[in-house]
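**Student:** Turn this into a structure:
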Amino acid sequence: MASNLVMRQLDERQTEHEIQLLVYSPKMDILALALATGTVSLYRLQWQRIWAAPGEEGRLATALAWRPDGKLLAAGDSAGLVTVRHIEASAAIHTQQLDSKVTCLTWVSCPGLAPPAEPGEQEWDFLARLPSLSKTYSYIGPGGEEELEDCRRLDCGGELTVLLAGTAAGSIYVLVHGFLLAMRLTAEDLGDGVEGGVEEVAMTEDVKSISCVVGGRLLLLSCPLLSTCMPQLAVLAAKYSLVQGILHYTTDTIRQIREAWESILLEMDTKLTSYAENNPPGTVAADFLELLMFGVPSPQLETFLHKDMTEKGLKKLGQSIELSYSNIQRLVLRYLGAVSQSLNFHLGEMVGLARAGDRYPVLGVTEAVVEAALHQAQAFWAKGVELQQVIDESMKNFKAFFRWVYVEILKLGEENLAGDLSKVSQQDITFIAEFLKRFQPVESVGGSVSHLYLEKVGQYLEDKPLVQPPDNSANPWHQLLETHPEIQDVPFIIPVNTGTSLVQEHAQLEARVSAVFAGLGRDIGSQTALLQAIALPDMAPRSCRQQVTERVCVHGIASLSPGPDSSAPSELLLWRALCSSSSSTPSPTSPTSMVRLRLAPGLVVVDSSFYTAEYLALLVRGEGEVHTLLQLPLASLAPLLAPHSPTSPHAAVLVEEVGGARSRTLDNLAATQLAVSGPRKVSVFLFRNRKRIRIYDMEGEEEEEEDTLDSSGFSASMDVNSSQIG
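**Tutor:** Got it, this is the predicted structure:
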């Protein structure tokens with residue numbers, strides 16, 4: 001007989017929208033919900049919403065999984081997109097597109113596989129801390145020092161973890177730390193005759209074996225190369241985290257540069273464009289050059305200077321442009337320079353990894369592909385240096401131009417000029433002439449003539465070739481490269497792309513860096529072998545769960561229907577897929593033990609889950625819609641497990657005969673799904689209408705009747721309403 005299971009009801013809630021999935025955090029009192037609207041939400045045990053992440057239109061969350069430490073949540077949707085989010089924010093920190101609908105997600109811990117750093121080993125974390133972009137225009141923080149931020153957005157956590165994803169197309173994806181795609185197994189890789197979607201997937205902690213349920217068949221796969229290369233994959237995952245964070249930081253820096261530039265010459269360009277459009281092509285340049293050479297403005301230019309370019313407005317505009325240029329200059333030198341230095345260092349270190357040993361090339365990280373990314377990173381910073389030179393030139397030209405126009409406006413107003421204002425040096429005239437060159441009109445498609453804006457910096461911030469590339473004809477280095485083009489093939493020579501913008505160079509950089517990690521898993525997947533394929537008879541696909549219960553052992557549970565015409569499962573099939581830890585690869589005869597559990601007449605299985613590594617939780621429905629929660633110790637089930645034999649079917653064992661079982665009847669509960677967290681001692685039940693949930697403390701003492709929550713589950717002390725969900 002089963003002993004009484006001590007439980008205390010904590011809360012009950014009514015939601016506005018239907019709940020499709022719910023999972024409880026293994027280490028924190030946080031519940032994740034996937035709603036019928038496509039939204040994924042997090043709630044604390046006190047029912048405080050942490051965040052809600054709306055899904056894309058037409059997409060539903062189809063699988064949820066917590067990282068073992070409970071700090072990251074992975075959500076897969078019906079379009080095959082896996083999104084990883086931190087518990088503190090709804091913004092995605094990583095996305096991975098799979099081949100089809102995500103049917104299952106499992107996040108396992110792999111302790112001991114990533115070797116710790118050797119004592120005294122040099123750490124380079126200081127290169128990952130960059131000036132805070134939120135304090136761009138604050139030179140120092142409140143403490144007197146410039147604030148720094150860690151640009152790594154992808155948190156690797158304290159130990160190595162692996163996220164497994166199964167899809168409706170029958171593919172299995174293995175992502176180290178949840179973001180580095182290390183291996184992909186297609187339906188063809190799983191073995192001949194294996195068809196259907198992946199219903200459940202798990203992996204042993206030593207990463208030597210994958211256990212999966214595909215198309216009603218239990219498959220045991222050997223992954224020798226994956227386990228052998230896992231230390232290198234852990235290193236690559238850490239590098240991927242750094243490099244991706246650096247690229248995001250670079251993107252944000254370029255965005256801030258663009259924002260600082262957008263209004264830099266808006267008023268000036270608007271006025272000059274209007275002046276150019278009301279006059280024949282070339283009039284703007286000719287009129288200003290005539291004023292510069294002869295000191296006499298044309299009637300049109302005189303009217304323009306009097307009405308549009310006033311003395312006060314010109315002063316304000318000049319100060320605004322100088323401030324904007326200074327901000328852009330600081331962003332380029334202090335921020336873009338720092339992040340480029342960090343990126344070049346880490347890519348250079350990856351070149352060393354690709355050269356050291358043969359495991360990184362086997363994984364797909366070759367010296368050639370890393371060097372290509374490194375050269376592009378160098379070209380990107382070379383473009384940043386070029387932009388800085390253009391900013392210096394523009395600042396000189398603008399200052400000279402505004403000072404000259406200001407003097408001409410004062411002359412037209414017949415005002416007295418100070419001695420210094422009336423002086424114009426030959427260098428100033430050169431700057432002004434350089435500036436006026438940009439007034440030339442350009443004939444566009446269709447024969448129309450458009451005015452060419454004066455400002456050169458903006459062209460570097462657009463995703464198209466430069467309209468006015470810099471003139472490097474007098475540069476000795478460029479002259480040498482033109483005279484001896486073979487020098488450009490030397491690996492240490494930084495490539496020079498004079499016609500591209502900063503945004504274009506950044507896009508090429510992202511593509512080259514992505515190519516470094518794109519080759520992972522090509523050879524690993526081909527080395528995976530199918531050890532066993534076992535048919536699971538009449539399996540109900542809704543309730544199939546697997547969990548790592550020992551370092552080299554995976555336990556699984558599937559509900560079985562009594563016949564082809566019945567959809568109510570009344571039996572359970574428990575299996576243990578064991579991988580030998582004494583050998584590098586599992587033997588083809590690795591035992592898979594099974595036991596068939598039968599419920600008493602009139603009882604059916606609603607849902608099942610592993611409460612802890614020692615207990616299996618079953619939600620059972622009996623006559624009169626009475627629901628019961630059972631906890632079966634795996635230690636009591638272990639003696640009942642027998643090696644799988646395709647010729648000798650397993651005899652069914654009554655659940656009531658399992659020793660050490662605990663049970664509890666759930667009053668007024670018509671549930672359809674169960675979510676448990678053994679470490680937090682919590683069970684959550686989703687009602688059949690999918691709009692109500694009930695939460696139980698699994699170790700709490702039974703409260704007196706007058707102290708229990710009312711049927712609505714809303715506590716008067718909580719200022720929460722049902723509209724919070726959804």
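**Student:** for the spatially most central residue of the chain, phi and psi?
**Tutor:** Nearest to the mean C-alpha position of the chain, by C-alpha atoms, centre = their mean, lies residue 94 at 0.9 Å. Main-chain torsions, residue 94, degrees, to the nearest 10: phi -160, psi 140.
**Student:** in the sheet, who's paired with it?
**Tutor:** residue 84 (DSSP bridges).
**Student:** Next, the buried residues of stretch 216-233.
**Tutor:** Buried residues in stretch 216-233, counting neighbours by 16 or more other C-beta atoms under 10 Å, are found at 216-230, 232-233. (Each C-beta comes from the backbone N, C-alpha and C, glycine too.)
**Student:** Out of those residues, name the ones that lie in strands.
**Tutor:** Counting by DSSP state E, the part of the buried residues of stretch 216-233 found in strands is 217-222.
**Student:** now, among those, which is nearest to residue 312?
**Tutor:** residue 221 (76.8 Å; C-beta to C-beta).
**Student:** Which of the three states applies to the residue nearest to that closest one when sequence neighbours are not counted?
**Tutor:** Nearest non-adjacent residue to residue 221, counting by C-beta to C-beta, 6 or more residues apart in numbering: residue 210, 4.3 Å away. Counting by DSSP: H, G, I helix; E, B strand; the rest coil, the backbone at residue 210 sits in strand.
**Student:** wait, what's in contact with residue 210?
**Tutor:** 164, 172, 174, 185, 201-203, 219-221, 223, 528 (C-beta atoms under 8 Å, 6 or more residues apart in numbering).
**Student:** just to revisit the earlier point, ok, the residue nearest to the centre of the chain to residue 614 distance?
**Tutor:** 33 Å (C-beta to C-beta, to the nearest Å).
**Student:** quick check: domain ranges of the protein?
**Tutor:** Split into domains by automatic domain parsing, the chain comes to 19-114+160-215, 237-522.
**Student:** Buried deepest among these, which one?
**Tutor:** The highest mean neighbour count among the domains of the chain, using mean count of other C-beta atoms under 10 Å, belongs to domain 19-114+160-215: a mean of 20.
**Student:** now that one, how far from the centre of its chain.
**Tutor:** Taking C-alpha atoms, centre = their mean, to the nearest Å, one finds the center of domain 19-114+160-215 at 13 Å from the center of the full chain.
**Student:** From start to finish, how long is that domain in a straight line?
**Tutor:** 26 Å (C-alpha to C-alpha, to the nearest Å).
**Student:** Could you tell me the average pLDDT over it, please?
**Tutor:** On average, the pLDDT along domain 19-114+160-215 is 91.
**Student:** ok, back up a step: closest to residue 12 among the contacts of residue 210?
**Tutor:** residue 202 (31.8 Å).
**Student:** any weak-confidence spans in the stretch 501-650 of the chain?
**Tutor:** 521-523, 538-543, 561-568, 579-591, 649-650 (pLDDT under 70).
**Student:** picking that back up, mind picking the two most distant members of the ones in strands among the buried residues of stretch 216-233?
**Tutor:** 217 and 222 (16.5 Å).
**Student:** ok so, going back, for the residue nearest to residue 221, give its distance to residue 406.
**Tutor:** 74 Å.
**Student:** Residue 432 belongs to a helix?
**Tutor:** Yes. Residue 432: assigned to a helix according to three-state DSSP.
**Student:** Can you give me the pLDDT of it?
**Tutor:** pLDDT for residue 432: 79.
**Student:** give the contact list for it.
**Tutor:** 292, 397, 400-401, 404.
**Student:** residue ranges for the strands of the stretch 301-450 of the chain, please.
**Tutor:** If DSSP state E, counting those that start in this stretch is used as the criterion, the strands of the stretch 301-450 of the chain fall at 442-443, 449-450.
**Student:** now the stretch 51-200 of the chain
**Tutor:** Using DSSP E, counting those that start in this stretch, strands in the stretch 51-200 of the chain cover 61-66, 72-77, 81-86, 92-97, 102-109, 129-131, 148-150, 161-167, 172-176, 180-185, 198-203.
**Student:** re the thing from before, and the strands of the stretch 301-450 of the chain, which one is worst for confidence?
**Tutor:** For the strands of the stretch 301-450 of the chain, mean pLDDT drops lowest on strand 449-450, to a mean of 42.
**Student:** Can you identify the element that follows it toward the C-terminus?
**Tutor:** Downstream of strand 449-450, the next assigned helix or strand under DSSP states H and E is helix 476-483.
**Student:** What lies in contact with the next helix or strand after that next one?
**Tutor:** Downstream of helix 476-483, the first helix or strand assigned by DSSP H and E is helix 502-518. With C-beta under 8 Å, 6+ apart as the test, helix 502-518 has contacts from 180-181, 236, 240, 243, 247, 250-251, 254, 347, 350, 364-365, 369-370, 372-373, 376-377, 379-380, 383-384, 387, 460-465, 497, 500.
**Student:** in this structure, which helix has the most residues?
**Tutor:** helix 367-412 (DSSP state H).
**Student:** average pLDDT for it?
**Tutor:** Mean predicted confidence for helix 367-412 is 86.
**Student:** now the angle between helix 502-518 and that helix, please.
**Tutor:** For helix 367-412 against helix 502-518, the angle by axes from the mean of the first three to the mean of the last three C-alpha atoms, to 10 degrees is 170 degrees.
**Student:** helices or strands up against helix 367-412?
**Tutor:** Applying 3 or more C-beta pairs under 8 Å, 6 or more residues apart in numbering; DSSP states H and E, we find helix 367-412 packed against helix 299-307, helix 311-330, helix 337-355, helix 426-436, helix 502-518.
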